[in-house]
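Student: How does the following fold in three dimensions:
(chains A and B)
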Number of protein chains: 2
Amino acid sequence: MSKRPLIHRLCIIGVGLIGGSLARALRQAGAVDQVIGCGRSVDSLQRAEELGVVDHYTTDPARAVAAADMVVVCVPLGAMRGVFEQIRDHLAPEAVVTDGGSAKGSVIEDARAAFGELPAGFVPGHPIAGTEKSGVEASFARLYNQRRVILTPVPESADWAVARTRRMWEAVGARVTCMSAAHHDDVLAATSHLPHALAFGLVDTLSRWEGEHEIFEYAAGGFRDFTRIASSDPVMWRDICLANREALARALRYYTADLAHLTALVEQGDGAALEAIFRHAKERREQFLALLEDKH
Amino acid sequence: MSKRPLIHRLCIIGVGLIGGSLARALRQAGAVDQVIGCGRSVDSLQRAEELGVVDHYTTDPARAVAAADMVVVCVPLGAMRGVFEQIRDHLAPEAVVTDGGSAKGSVIEDARAAFGELPAGFVPGHPIAGTEKSGVEASFARLYNQRRVILTPVPESADWAVARTRRMWEAVGARVTCMSAAHHDDVLAATSHLPHALAFGLVDTLSRWEGEHEIFEYAAGGFRDFTRIASSDPVMWRDICLANREALARALRYYTADLAHLTALVEQGDGAALEAIFRHAKERREQFLALLEDKH
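Tutor: Predicted structure coming up:
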């Protein structure tokens, strides 16, 4: 029994880890007829075609979105506005335009600036998934399996567009939730942007420590895990910090205040209070892990 | 060709991850004749014997150290002084007494308080190894392979004692360095105690966030790695924070100042400066990983 796929012509702008994995997963699920890739580097796009991630490619976003019923913009946050400007006048009627940006407020601002009047098919989104690797070579079909995707529809977003975006992500194994962009940006500031800033900050601090070469020699497994996310792409994270600057600064100030309290407890030698914090943190983390495991 | 083992009678006080793994590794290396385990829990010690980690056991440190040529104290930092007091009058002449404590200044202070005059065989040490698990069930022979061990001999430590301690750790695959206790405590504050405080602090901060249940639902792999060390033993880490409080408070204040600077860059939207920090951190981390791999 042959069923018409969910998506006829999928256009991925930015065929990296996020966009490439989505394309692979949709193919594997039999959910798409054709995949057009678009980006700035012909070499990368050619590689994407060789790998079977896309069927065709072009470096021209206007051509890429022609006749596409689903457009997914997976470029760095700093490049969103430029892409929206380039595709604005070339979208098919009833095309869905969604994205994978790690912050939502800035993407919506950029879309408003580029589109003027937002199309009914515009549905901002964010798949909470990824590794510290990047590029189409790193992409894989299972990236989104059991992962969360947050959609932050705007008042202009049509129900049919939200529904189609949701179905796309569900087809690749993800669990979709909707919330406001502001709320998304606060939650992500706390759970993702803040830890990244802390990890980058720690490696940076230690590398300017007196005798720093030695410092790294004695760092062991705990340090490696803790700083794994400091191997993430610096440009992507710069863009995220800029795009989500208010919520992130808020999260940093909140954390810094707690750290000052922790420092005081250490200075005062308050063992009971320290143990309570550590025990509580261990319990919460274990509950969190159990929650994750329940879902697999 | 049968060679006399390095150690005739090894006494491990505190047969957990650290002590248990050392015993297993020394056996595997054919470096020890007999292993006596000592601790507070008969059930744990019985388990250690069943697992073949120790040959015999006792809950009495005085009996445990009798005729032992090598004594390794692997108890929590808060328990060191009590153990030193209990073994003080029962050590064999020319016994080496070493430890595995994560801070050295406090162990030396405790030893001076307990022994009065430190024995020539006293060699404070710290194997930089471990996982967030604990207990003899978690112990394994390869824990120390290619890991660093730091010895912090005191003026009273005899060369023969330092040499035997060094050989013991080298027999289980570790690389041994000597340095002052103060320097050790600074280095460990930076590379280990600080990251643990930061990870515990982050989980604690997020768990008191408004809508915290949701917060954890949207946390993904990066958060899990980053906070892995927040699953460490709260008692052990309380003791480390107390024992190394000066160096740790110094490291926390240093890091907090850097974090304030990072927060300002975020608030000001200084993309270039942020990218420079992130890029530098990624490069340093990658150099650090290459260093580790070279050694394996």
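Student: Which single residue in the stretch 51-200 of chain A comes nearest to chain B?
Tutor: Scanning the stretch 51-200 of chain A for the residue nearest chain B gives A:T191, at 4.2 Å (criterion: Cβ to the nearest Cβ). Yep, even glycine has a C-beta here, placed from its N, CA and C like the rest.
Student: looking at it, that residue is touching B:S207, isn't it?
Tutor: No: in this structure, A:T191 is not within contact of B:S207 by Cβ atoms under 8 Å, at 11.7 Å.
Student: returning to that earlier point: what's the spacing between the residue of the stretch 51-200 of chain A closest to chain B and B:V203?
Tutor: A:T191 sits at a distance of 11 Å from B:V203 (criterion: Cβ to Cβ, to the nearest Å).
Student: Under the pLDDT cut-off, which ranges of the stretch 151-296 of chain A? List them.
Tutor: A:210-213, A:220-222, A:292-296 (pLDDT under 70).
Student: Show me where it has its strands.
Tutor: With strands called from DSSP state E, counting those that start in this stretch, the stretch 151-296 of chain A shows them at A:175-178.
Student: Mind checking which of A:T191 and B:V203 has more residues around it?
Tutor: Neighbours were counted for A:T191 and for B:V203 using other Cβ atoms under 10 Å in any protein chain shown; B:V203 has more, 26 against 23.
Student: Tell me which residues touch A:L118, please.
Tutor: Counting by Cβ atoms under 8 Å, 6 or more residues apart in numbering or on different chains, A:L118 touches A:A111, A:R112, A:V154, A:E156, A:S157.
Student: which pair in those spans the largest distance?
Tutor: Spatial extent of the contacts of A:L118 (Cβ to Cβ) is set by the pair A:R112 and A:S157 at 12.7 Å.
Student: picking up where we left off before, now list whatever residues contact both of A:T191 and B:S207.
Tutor: Common contacts of A:T191 and B:S207 (Cβ under 8 Å, 6+ apart): B:I215, B:F216.
Student: still on that earlier bit, of A:R112 and A:S157, who's got more company?
Tutor: A:S157 (23 against 16).
Student: and the most centrally placed residue in chain A, what does it touch?
Tutor: When Cα atoms, centre = their mean is applied to chain A, the residue found nearest the centroid is A:S102 (4.0 Å). A:S102 is in contact with A:L77, A:H126, A:L188, A:S192, A:H193, A:M236, A:I240, A:A243, A:N244, counting by Cβ under 8 Å, 6+ apart.
Student: Using just helix, strand and coil, how would you label it?
Tutor: coil (DSSP: H, G, I helix; E, B strand; the rest coil).
Student: same thing with A:V75?
Tutor: Judged by three-state DSSP, the three-state class of A:V75 is coil.
Student: Surely A:F122 and A:E156 touch.
Tutor: Yes: counting by Cβ under 8 Å, A:E156 is a contact partner of A:F122 at 6.5 Å.
Student: who's more crowded, the two?
Tutor: Between A:F122 and A:E156, counting by other Cβ under 10 Å, A:F122 is the more crowded of the two (27 against 17).
Student: Now the more buried one: closest residue in space that isn't a chain neighbour?
Tutor: A:V97 (5.0 Å; Cβ to Cβ, 6 or more residues apart in numbering or on different chains).
Student: secondary structure class for the one you found?
Tutor: strand.
Student: I'd say A:A113 and A:R88 touch.
Tutor: No: under the criterion of Cβ under 8 Å, A:A113 is not in contact with A:R88, lying 10.7 Å apart.
Student: These two: which is more packed in?
Tutor: Between A:A113 and A:R88, counted using other Cβ under 10 Å, A:R88 has the larger neighbour count: 17 against 12.
Student: Contacts only, for the more buried one.
Tutor: If you count contacts by Cβ under 8 Å, 6+ apart, then A:R88 has A:A114, A:F115 around it.
Student: for A:I277, same thing?
Tutor: Shown in contact with A:I277 (Cβ under 8 Å, 6+ apart): A:L262, A:L265, B:F200, B:G201, B:D204.
Student: domains of chain A?
Tutor: With domains defined by automatic domain parsing, chain A comprises A:7-179, A:184-295.
Student: one step back: could you list every residue that touches the residue of the stretch 51-200 of chain A closest to chain B?
Tutor: B:L206, B:I215, B:F216, B:Y218, B:A219, B:A220, B:F223.
Student: Keep those residues, but drop any that are not near chain A.
Tutor: Among these, the residues lying close to chain A (Cβ under 8 Å from any Cβ of the partner chain) are B:L206, B:I215, B:F216, B:Y218, B:A219, B:A220, B:F223.
Student: State the distance from the second one to A:R279.
Tutor: When Cβ to Cβ is applied, the distance between B:I215 and A:R279 equals 19 Å.
Student: Compare the two (neighbour count), which wins?
Tutor: Between B:I215 and A:R279, counted using other Cβ under 10 Å, the more crowded position is B:I215 (20 against 16).
Student: Which phi and psi values does the closest residue to A:E117 other than its chain neighbours adopt?
Tutor: Excluding the flanking residues, the one nearest A:E117 by Cβ to Cβ, 6+ apart is A:E156, at 7.6 Å. When read as degrees, to the nearest 10, the backbone of A:E156 gives phi -70, psi -20.
Student: A:E156 reaches A:V123, doesn't it?
Tutor: No: checked against Cβ under 8 Å, the pair A:E156 and A:V123 is beyond contact range at 9.8 Å.
Student: what sits against the closest residue to A:W209 other than its chain neighbours?
Tutor: In this structure, A:W209 finds its nearest non-sequential neighbour in A:I215, 5.1 Å apart by Cβ to Cβ, 6+ apart. By Cβ under 8 Å, 6+ apart, the residues touching A:I215 are A:L206, A:S207, A:W209, B:V187, B:A190, B:T191.
Student: How many neighbouring residues does the first one have?
Tutor: Residues near A:L206, counting by other Cβ under 10 Å, number 26.
Student: Likewise for the fourth one?
Tutor: Neighbour count for B:V187, taken as other Cβ under 10 Å: 22.
Student: what's the closest non-adjacent residue to it?
Tutor: A:Y218 (5.3 Å).
Student: so that neighbour makes contact with B:R147?
Tutor: No: applying Cβ under 8 Å as the test, A:Y218 and B:R147 come out as separate, 10.2 Å apart.
Student: Quick check: neighbours shared by those two?
Tutor: Shared contacts of A:Y218 and B:R147, counting by Cβ under 8 Å, 6+ apart, come down to B:I128.
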